[in-house]
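[1] Okay, here's the prediction I keep looking at, along with the sequence it came from:
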Amino acid sequence: MKMHYLKLKNWLLVTVMGAFGLSSCHCHKEVAQPQEEEVPAVKPRNEMRLMYGVPTMNFMIRGQVKDADGRPVKDIRVNMLERNMEMVDGQLQGDPERVKAWLDNSAAITDKNGNFVINNSGIPQEEVRLMVRDVDGQDNGEYKDQVLDIKVQQGDVDRTGAGGWNQGTFNKEINIRLESK
């Protein structure tokens with residue numbers, strides 16, 4: 001009776017683990033036995049290494065915001081949007097609390113010279129979407145909100161320090177012209 005119980009328990013455990021993708025990651029290749037001759041210290045590996053994780057990339061975006069006449073504009077909010085954030089009729093779509101928290105915590109505000117720096121980390125993307133908003137009212141003039149898509153090109157990615165899941169740093173410098181309302 002005890003033997004049937006253990007077999008049933010093992011069968012259930014293997015079934016549940018298989019359903020969740022928990023199986024062996026063992027390589028089934030035969031390992032060659034060393035020969036008498038001298039073996040190099042480092043042998044190239046022809047097998048695939050399995051790793052769990054998510055690739056990440058650092059995003060360093062610098063820029064300057066100017067008005068239509070070329071004068072720097074201070075107190076403009078520049079946000080790098082998450083991959084799944086979309087604008088519809090000038091409003092970000094999604095859970096309102098999550099969107100507000102993201103906008104408040106990821107904002108770069110331009111200084112008196114109109115300069116800003118965004119330093120963020122996330123999943124590598126083909127395009128980076130920036131949202132530029134005038135949030136201070138009439139203090140420095142009133143400007144239309146903008147959404148900018150910046151193409152991530154290989155020449156803009158610094159691979160220094162990249163390895164494992166780190167894909168490097170996307171460095172880009174941009175200039176933004178605002179339109180008056």
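    Looks like it came in fine.

[2] Quick one: list the elements packing against the helix or strand harbouring residue 103.
    Using DSSP states H and E, residue 103 maps to helix 96-105. Counting contacts by 3 or more Cβ pairs under 8 Å, 6 or more residues apart in numbering; DSSP states H and E, helix 96-105 is packed against strand 76-80. Bear in mind the C-beta positions are built from the backbone N, C-alpha and C, glycine included.

[3] What pairs with the strand it packs on, parallel or antiparallel?
    The sheet places strand 76-80 alongside strand 107-109 (antiparallel), strand 127-134 (antiparallel), with pairing taken from DSSP bridges.

[4] For stretch 80-97, could you pull out the residues that count as buried?
    Burial within stretch 80-97, assessed by neighbour count using 16 or more other Cβ atoms under 10 Å, is assigned to 80, 81, 82, 85, 92.

[5] so the last one makes contact with residue 103?
    Yes: in this structure, residue 92 sits in contact with residue 103. The criterion is Cβ atoms under 8 Å, and the distance is 7.4 Å.

[6] which one of the strands paired with strand 76-80 lies closest to residue 14?
    Relative to residue 14, the nearest member of the strands paired with strand 76-80 by Cβ to Cβ is strand 127-134, separated by 43.8 Å.
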